[in-house]
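Visitor: Predicted model and sequence below, questions to follow.
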2 protein chains.
Amino acid sequence: MSEQDQVDKYPSMTLGDNENNKRVVEKASIGVQLKAIRTENKLTLEEASKRTGLARSTLSKIENEQISPTFSVMQKLASGLNIELPQLFTKPKETKVTGRRDVTLGGQGRPHATLTYEHELLATQLRNKKMMPYKSRVHARNFEHFGEWVRHEGEEFLLVLEGEVQLLTEFYEPATLVVGDSAYYDATMGHLVISTSKEDALILWITAE
Amino acid sequence: MSEQDQVDKYPSMTLGDNENNKRVVEKASIGVQLKAIRTENKLTLEEASKRTGLARSTLSKIENEQISPTFSVMQKLASGLNIELPQLFTKPKETKVTGRRDVTLGGQGRPHATLTYEHELLATQLRNKKMMPYKSRVHARNFEHFGEWVRHEGEEFLLVLEGEVQLLTEFYEPATLVVGDSAYYDATMGHLVISTSKEDALILWITAE
DNA sequence: AAAAAAAGTTTCCTATAGGAAACTTTTATT
DNA sequence: AATAAAAGTTTCCTATAGGAAACTTTTTTT
């Protein structure tokens, strides 16, 4: 990897002291969490020890932050106490804000068909591109093609620029996508995008074979 | 995406109709996950070592399941590689089966933050994609990397989602791009995007090799 | 094709996690 | 309040994680 690559994708680290870095790494309180879980379940160290197969002393030390448990110990804790592993270091009330989502579909497939959206091809000056980008305006509530799967070779990525759409696919549940949402799928799997808002939707589409 | 990949990557998709489905869902393991994350981000052990503050050898041993990392090490991995901790042991692809269909919902991506850019990888659940899509927040008027060209294999497409940027390239005149504008170029040519508005800019980027 | 450089693995050693048991503190019982 | 029992902590030792450097493998350059 060249220096330039460093700059683009993985520049030298700016650990923590970067105020623009929104992702704050929480101070590690696996001990506090563990103790909370254990006491909430009214378990003594001895009982917890039996369930997890870990020594009483080990549990005590973990709870008092005297040691940092190994992953294998964390797994024993989770399975023994019947909790999900992340609960050991995640505050229970904490809700994750995911304004924008990223939906990925996987699939298998076959042949092909077409649609009557308004397509605007991008980067038309370049020939033999690896990727084919275009914008599509999807007319509101036009279900003309409902039931006709679109299929073609290659993989496809889409991002919703305006409006709200439903991504229907051959093998998966329909997914509702709003502005900022994206999807990536094997285009040989039957797929179809319809607008579910009152306004037209605008989609960026990119295909690669 | 080869047929083989299909079988490997979407075992739950085959739903019994694929006799070639030899893979049984493997259990989550930190080593495999870590290696996937590192290689997906095109980092060497040395680079990952610098970011996490962990020894190259330690990373190697973790990836090869020779040791079970302590929680404190896991935290260093997460913060150094800018991922959420559970990503280290959660298989990216989470499927839920509803009837005969199978939906894959995406997670939060793997953002990389620096003074200048914040990257959010998209469609991280799928490995061996032809395209690598990600969103980047380009911080306003931060010229930290001015003068250092970015270069890498493949072709690149970008679309401005928010703000206004300048696309600087090695062989062409600088181009000012506003919301909705896009560009397509050979990424081996030196290139660089800087924000020219007072607000941050948001860019959708897609790379294909 | 050989040499050099880079990436990855293994070795060897030190630091620390984890278990058994001794010790201390808390709670229950009289 | 004294005593006993239970719960929790600390000690001490062994097993294993983590780091520095040697070594091997892979990739790049000449």
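Guide: Arrived safely, thanks for sending.
Visitor: quick one, what contacts A:Gln75?
Guide: Applying C-beta atoms under 8 Å, 6 or more residues apart in numbering or on different chains, we find A:Gln75 in contact with A:Leu85. Quick note: C-beta positions are derived from backbone N, CA and C, even for glycine.
Visitor: what about it, distance to DNA strand C?
Guide: Applying C-beta to the nearest atom of the strand, to the nearest Å, the value for A:Gln75 to DNA strand C is 10 Å.
Visitor: which residues in chain A form helices?
Guide: A:3-8, A:30-40, A:45-52, A:56-63, A:71-80 (DSSP state H).
Visitor: So for B:Glu40, which of these sits nearest?
Guide: Among the helices of chain A, helix A:3-8 comes nearest to B:Glu40, with 14.1 Å by C-beta to C-beta.
Visitor: So for A:Gly64, what pLDDT did the model give?
Guide: If you look again at residue A:64, you'll see it is Asn, not Gly. Per-residue pLDDT puts A:Asn64 at 89.
Visitor: I'd assumed A:Gly31 was in contact with it.
Guide: Yes - the criterion here is C-beta atoms under 8 Å, and A:Asn64 meets it with A:Gly31 at 6.0 Å.
Visitor: Settle it for me: which of the two has more neighbours?
Guide: For the pair A:Asn64 and A:Gly31, the greater number of neighbours falls to A:Gly31 (22 against 11), based on other C-beta atoms under 10 Å in any protein chain shown.
Visitor: quick one, domains of chain A?
Guide: Following automatic domain parsing, chain A resolves into domains at A:1-92, A:103-208.
Visitor: And the closest residue in space to A:Ser29 that isn't next to it in sequence, how far from DNA strand D?
Guide: Nearest residue to A:Ser29 in three dimensions, chain neighbours excluded: A:Phe89, at 7.1 Å (C-beta to C-beta, 6 or more residues apart in numbering or on different chains). Look at A:Phe89 and DNA strand D: by C-beta to the nearest atom of the strand, they are 15 Å apart.
Visitor: Same check on A:Lys35?
Guide: 8 Å.
Visitor: count of residues packed around the residue nearest to that residue when sequence neighbours are not counted?
Guide: Among residues not flanking A:Lys35 along the chain, A:Glu63 sits closest, at 4.3 Å (C-beta to C-beta, 6+ apart). Neighbourhood size, A:Glu63 [other C-beta under 10 Å]: 19.
Visitor: contacting residues around A:Glu63?
Guide: Counting by C-beta under 8 Å, 6+ apart, the residues that A:Glu63 touches are A:Gly31, A:Val32, A:Leu34, A:Lys35, A:Arg38.
Visitor: Now with 7 Å, please.
Guide: Taking C-beta atoms under 7 Å, 6 or more residues apart in numbering or on different chains, we find A:Glu63 in contact with A:Gly31, A:Leu34, A:Lys35.
Visitor: what sits against the second one?
Guide: By C-beta under 7 Å, 6+ apart, A:Leu34 lies in contact with A:Ile62, A:Glu63, A:Leu77, A:Leu88.
Visitor: what does A:Leu177 give?
Guide: A:Leu177 neighbours (C-beta under 7 Å, 6+ apart): A:Val103, A:Val160, A:Val165, A:Leu167, A:Ala183.
Visitor: Okay, the fourth one and DNA strand C: tell me how far apart.
Guide: Shown here: A:Leu167 relative to DNA strand C, a distance of 36 Å by C-beta to the nearest atom of the strand.
Visitor: I'd say that residue and A:Glu173 touch.
Guide: No - look at A:Leu167 against A:Glu173 with C-beta atoms under 7 Å: they stay out of range, at 9.8 Å.
Visitor: more neighbours, these two?
Guide: Relative neighbour count places A:Leu167 above the other of A:Leu167 and A:Glu173, with 22 against 16, counting by other C-beta under 10 Å.
Visitor: Leaving out sequence neighbours, find the closest residue to that one.
Guide: Nearest non-adjacent residue to A:Leu167, counting by C-beta to C-beta, 6+ apart: A:Ala175, 4.6 Å away.
Visitor: do you know how far that neighbour is from B:Leu161?
Guide: To B:Leu161, A:Ala175 is 20 Å away according to C-beta to C-beta, to the nearest Å.
Visitor: Over to A:Ser68?
Guide: From A:Ser68 to B:Leu161 the distance is 41 Å (C-beta to C-beta).
Visitor: How about A:Ser197?
Guide: Where B:Leu161 is concerned, A:Ser197 sits at a distance of 18 Å (C-beta to C-beta).
Visitor: Looking only at neighbour counts, state which of those two leads.
Guide: B:Leu161 (19 against 15).
Visitor: For that one, give me its contacts.
Guide: With C-beta under 7 Å, 6+ apart, B:Leu161 has these contacts: B:Val179, B:Leu202, B:Ile203, B:Leu204.
Visitor: ok, which stretches of chain A are strands?
Guide: Along chain A, the segments classed as strands by DSSP state E run A:102-104, A:118-121, A:131-138, A:155-162, A:164-169, A:175-178, A:182-186, A:191-195, A:201-208.
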